[in-house]
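Enquirer: I would like to see how this sequence folds:
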Amino acid sequence: MDTTIKIDAETRDKLAALAEARNMSMRALIEEFAATALTPAQLRERAERTDAFLAAEFGHRVGEGEADALRDRMRQAQNASRGTAA
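Expert: The predicted structure follows:
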């Protein structure tokens, strides 16, 4: 079933440029995003699996403070790779 999504012109133009750069239609671009983006429930499930793996394989449980520090380090690394300030 097809549907219409209303977005502003700036967003439409950006999506069009992204799709063109990838040599695909805007529809394919949005479908790819929807297929690869994780929902909050999927993110929680992935985190739980990771925690279980670390505990089983290494006997390590990541505490909330350590998880926050790791998230901050990952954000800094992502920002650095994009050339943006933290």
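Enquirer: low-confidence ranges, this protein, go.
Expert: Along the chain, the model assigns pLDDT under 70 to residues 85-86.
Enquirer: need the residue closest to the centroid of it.
Expert: Residue closest to the mean C-alpha point of the chain, counted by C-alpha atoms, centre = their mean, is A37 at 5.9 Å.
Enquirer: what are the boundaries of the helices in the protein?
Expert: 9-21, 26-36, 40-58, 64-82 (DSSP state H).
Enquirer: JSON lines for these, including distance to T3 and mean neighbour count?
Expert: Every residue, glycine included, has its C-beta placed from N, CA and C. As requested, the helices of the chain are exported to JSON lines (distance: least, C-beta to C-beta, whole Å; neighbours: other C-beta atoms under 10 Å):
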{"stretch": "helix 9-21", "distance to T3": "15", "mean neighbour count": "12"}
{"stretch": "helix 26-36", "distance to T3": "11", "mean neighbour count": "12"}
{"stretch": "helix 40-58", "distance to T3": "22", "mean neighbour count": "10"}
{"stretch": "helix 64-82", "distance to T3": "32", "mean neighbour count": "10"}
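Enquirer: closest to D2 out of the ones you listed?
Expert: helix 26-36 (8.8 Å; C-beta to C-beta).
Enquirer: now the angle from the closest one to helix 9-21?
Expert: The directions of helix 26-36 and helix 9-21 differ by 90 degrees, with axes from the mean of the first three to the mean of the last three C-alpha atoms, to 10 degrees as the criterion.
Enquirer: residue contacts, the nearest residue to R22 once chain neighbours are set aside?
Expert: Residue nearest to R22 in three dimensions, not counting chain neighbours: L29, with 6.6 Å by C-beta to C-beta, 6 or more residues apart in numbering. Counting by C-beta atoms under 8 Å, 6 or more residues apart in numbering, L29 makes contact with L15, L18, A19, R22.
Enquirer: for E10, see how far away L29 is.
Expert: 16 Å (C-beta to C-beta, to the nearest Å).
Enquirer: could you do E48 as well?
Expert: E48 is 38 Å from E10, by C-beta to C-beta.
Enquirer: per-domain residue ranges of the chain.
Expert: Annotated domains of the chain cover 1-37, 40-82 [automatic domain parsing].
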